[in-house]
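>>> I need the structure of the sequence given here:
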Amino acid sequence: MTTDSVEKIIESGSIKNLALRLKSDRKKIVFTNGCFDIIHAGHVSYLNEAKKFGDVLIVGLNSDKSVKCLKGVERPVMGEKDRAYILANIKPVDYVVIFDEDTPYNLINLINPDVLVKGGDYEGKEIIGKDIVESAGGKTVLINFLEGKSTSGIIKKIKGQ
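Take a look at the predicted model:
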């Protein structure tokens, strides 16, 4: 693993200080989160779009434990360290922070991003952390996914389902 990409993977205990430093440098922070289990074109497109809303893109990555709770015992396919490394090497991603909880609420509270980005599938649903971001004057943005691109779809294809 290269030094540059490892430096982009931030411990959750250090994320608040990083966010404060970025804000003092007048950087607009964008936050999104997910499992990012098997990276595909849909993920890359989504991250490229998310980055357009600010200067710095921080990605909250569900830990292995968190993914298992959300997706079932067969997931994740790839471990959190590998997923974090891959994300850290995708061009629009500035920082990756792994979180262990079921939701990124506490992480969003620590970062207090200017923009919270979620997938278009959250239309009409509760968006965790929206209250934090919008009460501080930030905004929540929904981005449409690329049609037919999903980790679950890839897994089904591999299994021949």
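
>>> Hmm, residue 71 is touching residue 38, no?
No. With contacts counted by C-beta atoms under 8 Å, residue 71 stays clear of residue 38, the gap being 11.5 Å. Using the backbone N, CA and C atoms, a C-beta is placed for each residue, glycine as well.

>>> tell me which element residue 141 is part of?
Using DSSP states H and E, residue 141 sits within strand 139-143.

>>> Now do the helix or strand harbouring residue 85: which elements does it pack against?
Per DSSP H and E: residue 85 is located in helix 80-88. Applying 3 or more C-beta pairs under 8 Å, 6 or more residues apart in numbering; DSSP states H and E, we find helix 80-88 packed against helix 3-7, strand 9-10, strand 56-62, strand 95-99.

>>> Now do the longest one against helix 80-88, angle only.
The one in question is strand 56-62. Angle, strand 56-62 to helix 80-88, by axes from the mean of the first three to the mean of the last three C-alpha atoms, to 10 degrees: 160 degrees.

>>> For strand 56-62, list every residue counted as buried.
Using 16 or more other C-beta atoms under 10 Å as the test for burial, strand 56-62 gives 56, 57, 58, 59, 60, 61, 62.
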